[in-house]
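K.L.:
Structure of the sequence below:
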Amino acid sequence: MKDARNIMRIMLMILLGVFVFFVVLPLALKVVGITLGIIISLAVLLIKVAVTLAIGYLILVGIRALLR
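P.N.:
From the prediction side, this is the model:
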């Protein structure tokens, strides 16, 4: 009876591992993908803001040079 209980316990651990592999792992990867997507979109937004500020600065410097 003790051997049957141990075998059952091992089979349940394997079943739990399969469940985690097929259900929880894809959900975790989706969360990581969403997080990476947010980080990349924030980086692109930061680059756009930097380019806009640089263009504005160049326009201001050009106007200042023309007025001198």
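
K.L.:
Can you report phi and psi for Leu29?
P.N.:
phi -70, psi -30 (degrees, to the nearest 10).

K.L.:
where's it relative to Gly62, distance?
P.N.:
Applying CB to CB, to the nearest Å, the value for Leu29 to Gly62 is 49 Å. All C-beta spots, glycine's among them, are computed from the backbone N, C-alpha and C.

K.L.:
again with Pro26
P.N.:
In terms of CB to CB, Pro26 sits 53 Å off from Gly62.

K.L.:
Likewise for Leu16?
P.N.:
From Leu16 over to Gly62 (counting by CB to CB), the distance is 67 Å.

K.L.:
What helix or strand is Gln54 located in?
P.N.:
No, residue 54 isn't Gln; it's Ala. Assigned by DSSP states H and E, Ala54 falls within helix 25-67.

K.L.:
how far does that helix sit from the chain's center?
P.N.:
Computed by CA atoms, centre = their mean, to the nearest Å, the chain-centroid distance of helix 25-67 equals 17 Å.

K.L.:
Which elements pack onto that helix?
P.N.:
Using 3 or more CB pairs under 8 Å, 6 or more residues apart in numbering; DSSP states H and E as the contact test, no helix or strand touches helix 25-67.

K.L.:
let's have the chain start at 41 instead
P.N.:
Fine by me, first position is 41 from now on; the one you just mentioned is helix 65-107.
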